[in-house]
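Asks: sharing a sequence plus its predicted fold:
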Amino acid sequence: MTSTKDAPVSKKTQLFAGSGRIKLKSLANFSKQAAISIRAGLTLTRALPLLARESKDRRLKNAINGVQADIMQGSTLREALQRRASMFPPMFIEMVGAGERSGHLEEVFSRLASYFDMRLKLRRAVVRASIYPAIQLTMAYAVLCLILILFSSSRWATAMTIATYTVASAVCLGAAYYFFARTRLGRAVWDRVLLSLPLLRSITLKLCMARFSRSLAMQIESAIPMTEAIERAALVTGNGAVAASLSRISLPVRQGASLAEAIQSSRLVTPMVREVLTIGEETGSFTESLERVAGIYEEDSMVFLESIPKFIAPIVAIIVGIVVVYLYYQVYFVHYLKPLLESVGI
């Protein structure tokens, strides 16, 4: 096979090489359509132009056209994708390359489509679990401001002062978090925080182990070497601390240890993953065991994420209720009870 570095690079390739990473949804749709096209008997040179026309993602459309041009000039599919490594995930490129070499591209694209669909499903669950509590907290804040306006002795002045300071503080904190979390240091700190808080640690590790297990299983089925598969699967966990811990597992594996033995050294790997990998190696059902672990953790994560709004709603209601009772007591005591007691000499 021709080396990626030695293969000719077209002008069109250079033009599109600087584009950003393709969206997960677009990758899922492309993988699905590619599997269907190959199953229907189309060659890559015939399928890729059709997929480019069908794509609604301009970045993906440009990438497919560039890949098509490179293949027509004699490059392999993997070489063409590798030239656009900033656009396609490393795991995607290596799995497609393995499928191309083995003649099982259809199966590889089908696995990738299922994998990306599950990642999208989990991502949407996380977004939904975050949006609903944010709406509830915003509404609770609006109710508290209204209560302050109605019950405050100085009414608008005091209430609006409190509201202004609260909004300004929330905006500043949100902006600070947004920009800090986008830095390498900020992301590292946030990843550590997620693993430090008991409740967040549990769901974070489940999500990470689900991504790692499914990604590793797919790569092993595609005949990618174990050490490379481990390192790439670690990168898709979404947490830097977990990824670093899992990446270190590849060293003892490269030195001859089994994955079940090497994974015992990582304190961030859950007991279920360790046990299932040990049993899988003993029974010869390694990839099936990984897929089973991924399915269990994905289901647990979905259940947890869908239950978050149910936990948040009563907490917000209790907080609002406590503030309302406190304000009512203050108003009643200051305006009614205290003058009454003073009038009778108490």
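Replies: Thanks, I have it.
Asks: what is the neighbour count of Thr43?
Replies: Using other Cβ atoms under 10 Å, the number of residues around Thr43 comes to 10. In this view, the C-beta of every residue, glycine as well, is placed from N, C-alpha and C.
Asks: next, give phi and psi for it.
Replies: Backbone torsions of Thr43, given as degrees, to the nearest 10, read phi -80, psi 160.
Asks: tell me the spacing between it and Ser222.
Replies: Taking Cβ to Cβ, to the nearest Å as the criterion, Thr43 is separated from Ser222 by 21 Å.
Asks: run through the residues that contact Ala34.
Replies: Residues in contact with Ala34 (Cβ atoms under 8 Å, 6 or more residues apart in numbering) are Ala47, Leu51, Leu105, Phe109.
Asks: tell me the SS of Glu306?
Replies: When the structure is split into helix, strand and coil by DSSP: H, G, I helix; E, B strand; the rest coil, Glu306 lands in helix.
Asks: OK, contacts around the closest residue to it other than its chain neighbours?
Replies: Of all residues not flanking Glu306 in the chain, Ala125 sits nearest, at 6.6 Å (Cβ to Cβ, 6 or more residues apart in numbering). When contacts are counted by Cβ under 8 Å, 6+ apart, Ala125 touches Ser301, Met302, Leu305, Glu306.
Asks: list only those of these flagged as buried.
Replies: For those, a neighbour count by 16 or more other Cβ atoms under 10 Å gives the buried set as Ser301, Met302, Leu305.
Asks: which one of those is nearest to Gln136?
Replies: When the buried ones among the contacts of Ala125 are ranked by distance to Gln136 (Cβ to Cβ), Leu305 comes first, at 15.6 Å.
Asks: before we move on, the earlier item: could you dump the contacts of Ala34 to TSV with distance to Ala35, neighbour count and pLDDT?
Replies: Formatted as TSV, these follow (distance: Cβ to Cβ, whole Å; neighbours: other Cβ atoms under 10 Å; pLDDT from 0 to 100):
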residue	distance to Ala35	neighbour count	pLDDT
Ala47	10	20	91
Leu51	11	22	92
Leu105	8	23	88
Phe109	4	24	92
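Asks: and those, which of them are in helices?
Replies: Of the positions in the contacts of Ala34, Ala47, Leu51, Leu105, Phe109 sit in helices, assigned by DSSP state H.
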